[in-house]
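# The following block contains a protein sequence and its predicted model.
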Amino acid sequence: MAPATAPVPTVTDSSSAQRTQPATDHALASVGSAVRDKKRVLAASFVGTTIEWYDFYLYGAAAALVFSHYFFPQGSGVGSIIASFATFAIAFFFRPLGGIIAGHLGDRIGRKALLVASLLIMGVATTVIGLLPGFSQIGWFAVALLVACRIAQGLSAGMEWGGSAVLSVEHAPKGLRGLFGSFTQVGSAAGMLLATAFFAIMQGVTTAEQFQAWGWRVPFLFSAVLVIIGLIIRAGIEDAEEFQEVKREKAAATSPVREVLTQHTRGVIVCIGQRMIQPAIFSILTVYTLTYVTQQRGASQWVMISILIAAAVGLVGGPFWGWLSDRVGRRRISIIAAAAIGVFVWPYFYYLDHGPLALLPLVYLIGMAVLHDSIYGPQAALFAEQFPTHLRYSGVSLGYQVGTILSGGLTPMIAAWLVATGGSPWLLCGYLSLLAVISVVTGRMAKDTVTDAPEIAQY
């Protein structure tokens with residue numbers, strides 16, 4: 001009779017299960033942490049450009065409605081308006097300098113540190129504008145202080161967008177660069193919505209005299225609150241693994257701006273060209289139209305309402321266009337949108353002169369939520385893909401900010417001059433159509449990682 005077989009011990013299985021469970025828990029925790037990190041990066045990108053465009057539109061609206069007679073001698077009419085828009089434009093001339101400084105440091109030491117610095121500079125400058133005395137109190141010294149604050153804002157804005165765009169795109173999972181990059185872009189709609197709403201509220205709760213005296217200051221002072229929120233969010237982010245690998249391999253460029261200009265000239269030209277029509281139509285819709293409608297029709301409330309509605313839709317539209325670019329290509333969308341904007345401006349100004357302003361929100365949904373947002377939503381990913389990782393911050397910042405000077409910063413002032421010179425908006429429409437042609441031509445030069453062959457779409 002065979003001896004009884006001893007039962008097989010189960011200790012090994014239990015031990016294995018005990019070892020497997022912590023490993024599984026650790027893996028799940030790592031995935032959860034990675035997801036939280038991605039969300040925080042998107043929040044950091046979103047809040048930075050929200051503050052940038054909050055300050056941009058706040059100043060633009062104030063330049064159109066308040067600054068021409070508050071910071072400049074009264075009685076000069078068109079001259080004061082042009083001078084007010086000139087202070088609006090001057091910040092754009094300092095954006096490339098901010099972009100060059102931030103790009104050089106950001107490509108060498110990291111993106112995060114520069115993004116924190118940009119928030120602080122912007123917040124301090126905008127808050128100080130809300131405290132400045134006017135021309136009637138300290139004369140031309142008020143203008144000098146205003147210009148100094150605008151220079152600081154320009155440097156900060158030049159630092160901000162490139163770093164925010166690069167950070168979000170470099171953290172994006174494969175095939176989602178357009179969607180992730182759009183969170184940098186959608187900050188534009190959020191900032192515009194917040195600034196417009198704040199301005200409208202202050203106009204609603206104050207008399208015209210109170211608003212001109214102190215009501216316009218409150219939205220500027222509120223910028224300090226936004227900066228604190230942004231700093232808290234950005235304190236918890238890190239540079240993407242893609243860039244950290246560059247640092248570990250000591251592959252950072254010693255002179256990134258020089259290398260961009262000598263080795264990636266095409267990428268810079270693409271970025272500058274793509275910045276021709278997009279910021280121009282944005283400035284026309286959100287800044288100059290306020291002045292134009294007030295002069296031609298005697299009212300601006302429908303413009304403010306239209307901007308609010310278009311900005312709210314843009315909070316969803318921006319990510320949609322970014323997502324769509326991950327599927328059909330960024331170059332194709334940009335070219336079609338630029339061409340359409342070049343056509344749109346002609347009936348737009350005819351409508352402002354003759355159409356019922358009650359329908360202006362519908363016009364803005366076409367001009368802003370469709371045409372503008374379709375070219376702007378995918379722009380962070382499109383620009384980032386024109387340059388390799390170790391030069392990306394410098395390349396993106398340089399192209400973006402130089403293009404912004406030539407287009408967005410000068411457009412309100414040029415618009416006021418062209419309309420005053422020609423006595424009608426048609427010279428302005430021709431100018432905008434020319435910018436659209438430049439954007440179409442340079443759009444055809446762009447690399448597109450979605451539709452190009454791998455050897456072409458190398459970044």
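Received it, and whenever you're ready, just let me know what you need.

# contacting residues for Leu226?
Residues touching Leu226, when contacts are defined by CB atoms under 8 Å, 6 or more residues apart in numbering, comprise 47, 50-51, 54, 123. Just so you know, the C-beta spots here come from the backbone N, C-alpha and C atoms, and that holds for glycine as well.

# so Leu324 makes contact with Arg332?
No: the pair formed by Leu324 and Arg332 falls short of the contact definition of CB atoms under 8 Å, at 9.9 Å.

# Compare those two (neighbour count), which wins?
Set side by side, Leu324 and Arg332 give different neighbour counts by other CB atoms under 10 Å, the larger being at Leu324 (19 against 16).

# Quick check: nearest residue in space to the more buried one, chain neighbours excluded?
For Leu324, the nearest residue in space outside its immediate sequence neighbours is Ile333; the separation is 6.8 Å by CB to CB, 6 or more residues apart in numbering.

# What count of nearby residues applies to the residue nearest to Glu170 when sequence neighbours are not counted?
Excluding the flanking residues, the one nearest Glu170 by CB to CB, 6+ apart is Ala240, at 3.7 Å. Neighbourhood size, Ala240 [other CB under 10 Å]: 20.

# Verify the stated contact: Ala240 with His171.
Yes: with contact defined as CB under 8 Å, Ala240 reaches His171; the gap is 4.7 Å.

# in stretch 41-55, what's buried?
Residues of stretch 41-55 classed as buried by neighbour count (16 or more other CB atoms under 10 Å): 41-55.

# count of neighbours near Gly106?
The number of residues packed near Gly106 is 28, by other CB under 10 Å.

# Show the contacting residues for it.
With the criterion set at CB under 8 Å, 6+ apart, Gly106 makes contact with 113-114, 162-163, 166, 393-394, 397.

# and the residue lying closest to it once chain neighbours are set aside, what element?
Spatially, and ignoring its direct neighbours in sequence, Gly106 is nearest to Tyr393 (3.8 Å; CB to CB, 6+ apart). Using DSSP states H and E, Tyr393 sits within helix 392-404.

# low-scoring pLDDT stretches of the stretch 351-459 of the chain, where are they?
Scanning the stretch 351-459 of the chain for pLDDT under 70 picks out the ranges 455.

# could you show me where the helices are in it, in order?
360-364, 373-376, 379-384, 392-404, 411-422, 426-443 (DSSP state H, counting those that start in this stretch).

# Figure out which of these is closest to Val343.
Proximity to Val343 (CB to CB) singles out helix 426-443 among the helices of the stretch 351-459 of the chain, at 7.7 Å.

# before we move on, the earlier item: would you mind reformatting the contacts of Leu226 (as TSV) and adding columns for pLDDT, distance to Ile284 and secondary structure while you're at it?
Putting the contacts of Leu226 into TSV (pLDDT from 0 to 100; distance: CB to CB, whole Å; DSSP: H, G, I helix; E, B strand; the rest coil) gives the following:
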residue	pLDDT	distance to Ile284	secondary structure
Val47	86	27	helix
Thr50	89	22	helix
Ile51	84	23	helix
Tyr54	87	19	helix
Gly123	86	28	helix
